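[1] Predicted model and sequence below, questions to follow.
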Amino acid sequence: MAVDVRVERSPSAILQVLRDVAPAEAAVFEGDFHNALQQASATFDLVPLNRVVNRWWGIAHLRLNPPTAEEREAVRRLRAGEDVGWSSPQERLAAQRR
């Protein structure tokens, strides 16, 4: 059974996770964040900044919770157009709870 480690959706939490588990990516996140912050300061538009935070939040989560071999195989099968046995995400979740 896999344990899902949560990442707080804040720039500081994302940065800390990346520094701990993916230092090279932490530097890229810092650059992306600072660029979007400068843009937001000039335009008063937070959309680009939120996009950066959302994108890197997902990446930080994946670095802490890498896909299992079973999940990677399901993705491979889906990409190949194979039936993975679920008609919906809800059906998949229900199957996992059994």
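    Here it is on my side, so go on. Numbers count the residues shown, from 1 in each chain.
[2] Give me the distance between the two termini of stretch 13-27.
    Criterion C-alpha to C-alpha, to the nearest Å; first-to-last residue distance in stretch 13-27 is 14 Å.
[3] which residues are in contact with that stretch?
    Stretch 13-27 is contacted from outside by Val7, Glu8, Phe29, Glu30, Phe33, Val53, Trp56, Trp57, Ile59, Ala60, Arg63, Leu64, using C-beta atoms under 8 Å, 6 or more residues apart in numbering. The C-beta positions use only the backbone N, C-alpha and C, and glycine is treated the same way.
[4] Let me know the closest of those residues to Glu70.
    When these are compared for distance to Glu70, the smallest value, 18.1 Å, is given by Leu64; criterion: C-beta to C-beta.
[5] pretty sure that closest one contacts Val5?
    Yes - under the criterion of C-beta atoms under 8 Å, Leu64 makes contact with Val5 at 4.5 Å.
[6] Comparing those two, which shows the higher neighbour count?
    Residue environment comparison for Leu64 versus Val5 gives the larger neighbour count to Leu64, 16 against 11, counting by other C-beta atoms under 10 Å.
[7] quick one: the helices in this structure?
    Secondary structure of the chain, counting by DSSP state H: helices at 11-21, 23-43, 47-64, 69-79, 89-97.
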